[in-house]
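**Student:** Okay, structure incoming, though there's no sequence with it:
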Ligand code: ATP
Ligand code: LTN
């Protein structure tokens, strides 16, 4: 038995795309056979920017079902909704008091998401304190995330260190784990930009719940590069390199093997192969998604998940409370 404790979170906002699947959820699935694995749908983080209440509730269910359809097994891993466990907000408040305004001001995500907005919530600024609480409540050793979240995990380490040095060993130091391949799936219309939920051009990303035929069209019209050779070369052929990575992830064949396979074939033939593979994946994935969302089991899975999560998080919250001098009940 391995002592690894994995925690990761995903916001229930926007439409999950194949980049989120390859870069995040699929990595969680691969790692769930050892250690303790905890996955959280972070609805409290989602409200740091404006949300429509009905859509937020729908998306929370949708993302939970997507995570299960992707292969997270509730018998092996814990899956729950952040607002169902009040310990997150409670520890978040405590950690607030051990992080400085200056530290939070340096967060790139805050700068990007607040840039040009008329209304910027205090919650958006304070987002990393809540994320630190998510991670530290569970004695997390590994946090699988995309490159963009590394800075938040580093801030979590700073918060843990500050608290531990003041009050003695309380929190485990977590490490970010960024996938070596697929950590950055690029847009199909601009392969120099990452595939993103918030991209205003709908042709850049392929949604996990999108019609497989429309996904096919997006791949067939994906931006490619000059020349005609199928070669993995990010500098000169970013469009083809991105499609090669996508095909490699879905077919489990290495990029080098794929280059050999498509030697002498034209872009059209190559794109057809990518479109076939993505279409096949989406059909299978959506079948599983429909089974899970129609099974009526989702609420019970989330309920069981939060009960187990609370058993781990609550003693840690009480330990932190005691250390700061809160009167126990
Ligand atoms: P947005 O682009 O609107 O900020 P997002 O698509 O980055 O949203 P998040 O909810 O921020 O989505 O990310 C969920 C997880 O998916 C994170 O671990 C993130 O690092 C990962 N991820 C997001 N986009 C990609 C991508 N293009 N390639 C690989 N991983 C990604
Ligand atoms: N900030 C992350 C979501 C997130 C998270 C977490 C990830 C919230 N809490 C804890 C890892 C661990 C994002 O926007 N992708």
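**Tutor:** It's in. A quick note: this is a predicted structure, and the numbers were derived from the prediction, not measured. Ligands and ions are numbered 1, 2, ... in the order given.

**Student:** what residues does the stretch 151-300 of the chain put near ligand 1?
**Tutor:** Within reach of ligand 1 by C-beta under 6 Å from any ligand atom, the stretch 151-300 of the chain has these residues: 183, 184, 185, 194, 195, 196, 197, 198. Quick note: C-beta positions are derived from backbone N, CA and C, even for glycine.

**Student:** Residue numbers of the stretch 151-300 of the chain in contact with ligand 2?
**Tutor:** The interface of the stretch 151-300 of the chain toward ligand 2, taken as C-beta under 6 Å from any ligand atom, is made up of residue 152.

**Student:** can you give me the helices in the stretch 151-300 of the chain?
**Tutor:** Taking DSSP state H, counting those that start in this stretch as the criterion, the stretch 151-300 of the chain contains helices spanning 212-220, 238-251, 255-261, 267-294, 298-324.

**Student:** Show me what the first one is packed up against.
**Tutor:** Judged by 3 or more C-beta pairs under 8 Å, 6 or more residues apart in numbering; DSSP states H and E, helix 212-220 is in contact with helix 267-294.

**Student:** Next, the angle helix 238-251 makes with the helix it packs on.
**Tutor:** 50 degrees (axes from the mean of the first three to the mean of the last three C-alpha atoms, to 10 degrees).

**Student:** which helices and strands sit right next to helix 267-294?
**Tutor:** Partner elements for helix 267-294 (3+ C-beta pairs under 8 Å, 6+ apart): helix 53-69, helix 212-220, helix 238-251.

**Student:** Can you say which of those helices is packed in most?
**Tutor:** helix 238-251 (a mean of 22; mean count of other C-beta atoms under 10 Å).

**Student:** In terms of secondary structure, what does that one contact?
**Tutor:** Packed next to helix 238-251, using 3+ C-beta pairs under 8 Å, 6+ apart, are helix 255-261, helix 267-294.

**Student:** Most proximal residue of the stretch 101-250 of the chain with respect to ligand 1?
**Tutor:** residue 146 (1.8 Å; C-beta to the nearest ligand atom).

**Student:** For the closest residue to that residue other than its chain neighbours, grab the count of nearby residues.
**Tutor:** Spatial nearest neighbour of residue 146, chain neighbours left out: residue 23 (4.7 Å); criterion: C-beta to C-beta, 6 or more residues apart in numbering. Number of residues near residue 23 (other C-beta atoms under 10 Å) recorded here: 25.

**Student:** With residue 150 instead?
**Tutor:** Neighbour count for residue 150, taken as other C-beta under 10 Å: 15.

**Student:** before we move on, the earlier item: CSV please, covering the helices and strands packed on helix 238-251 and showing mean neighbour count, mean pLDDT and distance to residue 44.
**Tutor:** Converted to CSV, these look like this (neighbours: other C-beta atoms under 10 Å; pLDDT from 0 to 100; distance: least, C-beta to C-beta, whole Å):
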stretch, mean neighbour count, mean pLDDT, distance to residue 44
helix 255-261, 14, 97, 39
helix 267-294, 17, 97, 23
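
**Student:** Next up, the contacts around the closest residue to residue 277 other than its chain neighbours.
**Tutor:** Closest residue to residue 277 apart from its sequence neighbours, by C-beta to C-beta, 6+ apart: residue 250 at 4.6 Å. By C-beta atoms under 8 Å, 6 or more residues apart in numbering, the contact set of residue 250 is 277, 278, 280, 281.

**Student:** how about the residues of the stretch 1-150 of the chain near ligand 1?
**Tutor:** Residues of the stretch 1-150 of the chain lying near ligand 1 by C-beta under 6 Å from any ligand atom: 10, 11, 14, 19, 20, 22, 23, 24, 145, 146, 148, 149.

**Student:** Just the buried ones from the residues of the stretch 151-300 of the chain next to ligand 1?
**Tutor:** Using 16 or more other C-beta atoms under 10 Å as the burial test, those include 183, 184, 185, 194, 195, 196 as buried.

**Student:** hmm, back to that, could you identify the most distant pair in the residues of the stretch 151-300 of the chain next to ligand 1?
**Tutor:** Across these, the longest distance by C-beta to C-beta is 18.5 Å; it joins 183 and 198.

**Student:** Tell me where the stretch 1-150 of the chain has helices.
**Tutor:** Listed in chain order, the helices of the stretch 1-150 of the chain (DSSP H, counting those that start in this stretch) span 18-20, 26-31, 43-46, 53-69, 87-96, 101-105, 108-114, 122-136, 150-167.

**Student:** Output those as CSV; include the columns distance to residue 78 and mean pLDDT.
**Tutor:** Output for the helices of the stretch 1-150 of the chain, formatted as CSV (distance: least, C-beta to C-beta, whole Å; pLDDT from 0 to 100):
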stretch, distance to residue 78, mean pLDDT
helix 18-20, 20, 94
helix 26-31, 11, 94
helix 43-46, 16, 98
helix 53-69, 11, 98
helix 87-96, 14, 98
helix 101-105, 28, 97
helix 108-114, 25, 94
helix 122-136, 13, 98
helix 150-167, 19, 98
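
**Student:** Perfect, I'm done here.
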